[in-house]
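1. Sharing a model that was predicted from the sequence below.
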Amino acid sequence: MPLLLNLAMAQDFAREAIEMVPGLTRDQRNALYGVHARQEQIDRRLKENPPKEEADRLSAERQGGMGGLDAAQWKRLVSIPRGPLREERYGHMVVLEVAPALERIVAAADAAQAAVAVQRERLLQGLEDQVMRARIEASCGGQIRMIESQFWRVAWYMLTPDQMRAARELFSPRYRQYADLPQLLQTLPGLTPSQSVKLRSLFAETESENAADLAEVRRIGAELRDPAIPQEKRQELNRANGAAYGRMNERNEAQVEAIRGVLTKEQLDTLHGRPPWLNPGEIAQLPTDLVREMRLLPEQTARLKQIEEGSAKARNTMRPPDMGSMMAEIGAESPQMMAVEVARQGARGQITDHFREVGRAVFVEVLTPAQVCEWIVTPWVHQK
């Protein structure tokens, strides 16, 4: 029996995992949905040792539904975690693949998020008050997102740029996205005024083209919230919703390709080394400020102060142009202002890379592994 079929029969996969496997084409994903729908039925029948003709037919059906996946893609598909917080846990699993030494912080984040998820289910069980349910969902969801954000901040400090780029290749599509991509692109090194204008135009064009479909998705979502909608109408709306999302995804994919054509290799490498979840403002926070409220030993506080003083001196050499004085000097409408703005954003990008090095010093040299885990899982209760 072919290797692919052996792998597929050895382990099944969750339907939701299909969208998380990187590098699959739309046809492959659609084929996998068909495989999943038939998987249990086919496996059950094959285990009964049916006649050879039937077994060959079933095997061919499953093989055909694989859509050309190779063994590595199948292995990734069946390894994606099941249950709550599947996508978060898969992202953490990818970090372990590229940096096994970070096992402790992965375990801490997984355990803390799982505890919140269990608490959420316990509080919601049997609760009929919709207002209270919404409050519990919001509170627990906020805690899970906070842990995830703090995890990726630490991962960004601890992973090398090459490791982060390798991880990004394995992320699920949602984790491969960037928070506030338009702003993030403007902070890339060596960005020219011409590149800046092209990038802004690309985003404006895609936003305009997606406007009608986005309005359609919102309208359909409002209709689907009505529990009295007949099943046939609901299915029709779901198909229309999927079609609208498909059109937007196609435009967004085309936009990504166009962005690649605008940026240099160095700029693309920098972009791919940025972490998921964190927007440009979050990754540009001074790392020494993040741990200021923790209980630290005197020697840790002294080392933190040294790092902070060294960072302040380094940042003085990266200070962005003063926009106010430049406007007064050359005028707000001057064509030169675009170059000034690009220089200002470039300085921000330089400072962001500097903060990454500072963060690595703080979370590797100053804090103990136990303190790093504590910071990740309880960032909202740090007190002196």
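-> Sure, I can see it. Numbering: from 1, shown residues only.

2. From here on, just use CA atoms for contacts and neighbour counts.
-> Noted.

3. All the helices of the stretch 151-300 of the chain, in order from the start?
-> Counting by DSSP state H, counting those that start in this stretch, the stretch 151-300 of the chain has helices at residues 161-170, 173-176, 181-186, 193-224, 231-262, 265-272, 280-283, 287-290, 298-316.

4. Leu127 is nearest to which of those helices?
-> Of all the helices of the stretch 151-300 of the chain, helix 193-224 sits nearest to Leu127, with 23.3 Å by CA to CA.

5. who does the closest one touch, helix- and strand-wise?
-> Taking 3 or more CA pairs under 8 Å, 6 or more residues apart in numbering; DSSP states H and E as contact, the helices and strands that helix 193-224 lies on are helix 181-186, helix 231-262, helix 336-360.

6. Please identify the deepest-packed of these.
-> Ranked by mean neighbour count, these are led by helix 336-360 with a mean of 20 (mean count of other CA atoms under 10 Å).

7. Model confidence score at the nearest residue to Glu357 once chain neighbours are set aside, please.
-> Closest residue to Glu357 apart from its sequence neighbours, by CA to CA, 6 or more residues apart in numbering: Tyr157 at 7.0 Å. Looking at Tyr157, its pLDDT stands at 95.

8. does Tyr157 really touch His354, like I thought?
-> No. Tyr157 lies out of contact with His354 (CA atoms under 8 Å); the separation is 10.7 Å.

9. how far away is the nearest residue to Ile283 once chain neighbours are set aside from Thr270?
-> The shortest distance from Ile283 to any non-neighbouring residue, by CA to CA, 6+ apart, is to Thr352 (6.6 Å). In this view, Thr352 and Thr270 are 11 Å apart by CA to CA, to the nearest Å.

10. Got phi/psi on Gly273?
-> Reported as degrees, to the nearest 10, the phi and psi values for Gly273 are phi -90, psi 0.

11. same thing with Ala228?
-> The phi and psi torsions at Ala228 (degrees, to the nearest 10) take the values phi -90, psi 0.

12. Near it, how many residues? Count them for me, please.
-> As a burial measure, Ala228 scores 9 neighbours (other CA atoms under 10 Å).

13. Ok, Gln177 next?
-> Other residues near Gln177 come to 14 when the count uses other CA under 10 Å.

14. wait, it sits on Pro276?
-> Yes. Here Gln177 reaches Pro276: they are 6.8 Å apart, a contact under CA under 8 Å.

15. what's the overlap in contacts for those two?
-> Residues touching both Gln177 and Pro276 (CA atoms under 8 Å, 6 or more residues apart in numbering): there are none.

16. ok, back up a step: redo the helices of the stretch 151-300 of the chain as TSV? Include mean pLDDT and distance to Thr25.
-> Putting the helices of the stretch 151-300 of the chain into TSV (pLDDT from 0 to 100; distance: least, CA to CA, whole Å) gives the following:
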stretch	mean pLDDT	distance to Thr25
helix 161-170	94	15
helix 173-176	86	12
helix 181-186	88	23
helix 193-224	91	22
helix 231-262	88	12
helix 265-272	92	21
helix 280-283	84	30
helix 287-290	90	39
helix 298-316	93	44
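
17. any chance of the ones you listed in JSON lines, plus distance to Asn49?
-> Shown next, in JSON lines, are the helices of the stretch 151-300 of the chain (distance: least, CA to CA, whole Å):
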{"stretch": "helix 161-170", "distance to Asn49": "37"}
{"stretch": "helix 173-176", "distance to Asn49": "39"}
{"stretch": "helix 181-186", "distance to Asn49": "53"}
{"stretch": "helix 193-224", "distance to Asn49": "44"}
{"stretch": "helix 231-262", "distance to Asn49": "37"}
{"stretch": "helix 265-272", "distance to Asn49": "49"}
{"stretch": "helix 280-283", "distance to Asn49": "57"}
{"stretch": "helix 287-290", "distance to Asn49": "61"}
{"stretch": "helix 298-316", "distance to Asn49": "66"}
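
18. Report the contact partners of Gln195.
-> Val262, Leu263.

19. And the one 5 residues further on, by the same measure?
-> Contacts for Arg200 (CA under 8 Å, 6+ apart) come out as Pro182.

20. How is the chain divided into domains?
-> The record's domain parsing of the chain by automatic domain parsing lists 3-79, 191-263, 280-377.

21. wait, which of these is closest to Val106?
-> Among the domains of the chain, domain 280-377 sits nearest to Val106 (CA to CA), with 8.8 Å.

22. Done for today, thanks.
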